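Trainee: this one's structure only:
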């Protein structure tokens, strides 16, 4: 069972270029989505909602919905996302962690030497 789990959930390191391309595409889609959203809002109001309420009421309701979604994202989703990202960063051997591990080993040796010297001094 353990081997099956490893095979199903195994992750592969394809280097930074696949992730970099995806990240740039997502960041660019933010602007495309904004334009699309603005056009959709204008079309929705003029065709469907304009007969039921004023533009300011419609935009107010829309802004309230967006603010509520932002609150939920900030309060619940964002901490979970960063926890996942941090776990993935640590799991896939970030170069910073490799340097930290080397530094930690050096510091352990230095601390052992200091403790030994202190014990020698206490004996005197």
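Mentor: Right, received. Where do you want to start? Note that the structure is predicted; figures quoted are calculated from it, not measured.

Trainee: How far does the helix or strand bottoming out on mean pLDDT in the chain sit from its chain's centre?
Mentor: Within the chain, no helix or strand scores below helix 2-9, which has a mean of 79 by mean pLDDT, DSSP states H and E. Here helix 2-9 is found 25 Å from its chain centre; the criterion is CA atoms, centre = their mean, to the nearest Å.

Trainee: and what of stretch 75-82?
Mentor: Distance, stretch centre to chain centre, for stretch 75-82: 8 Å (CA atoms, centre = their mean).

Trainee: again, but for stretch 89-104
Mentor: 18 Å.

Trainee: which residues touch that stretch?
Mentor: Stretch 89-104 is contacted from outside by 11, 13, using CB atoms under 8 Å, 6 or more residues apart in numbering. Where you see a C-beta, it was placed from the backbone N, CA and C, and this is true even at glycine.

Trainee: average model confidence for it?
Mentor: Mean per-residue pLDDT for stretch 89-104: 79.

Trainee: Please apply the same query to stretch 108-124.
Mentor: Averaged across stretch 108-124, the pLDDT comes to 88.

Trainee: Please consider this matter closed, and thank you.
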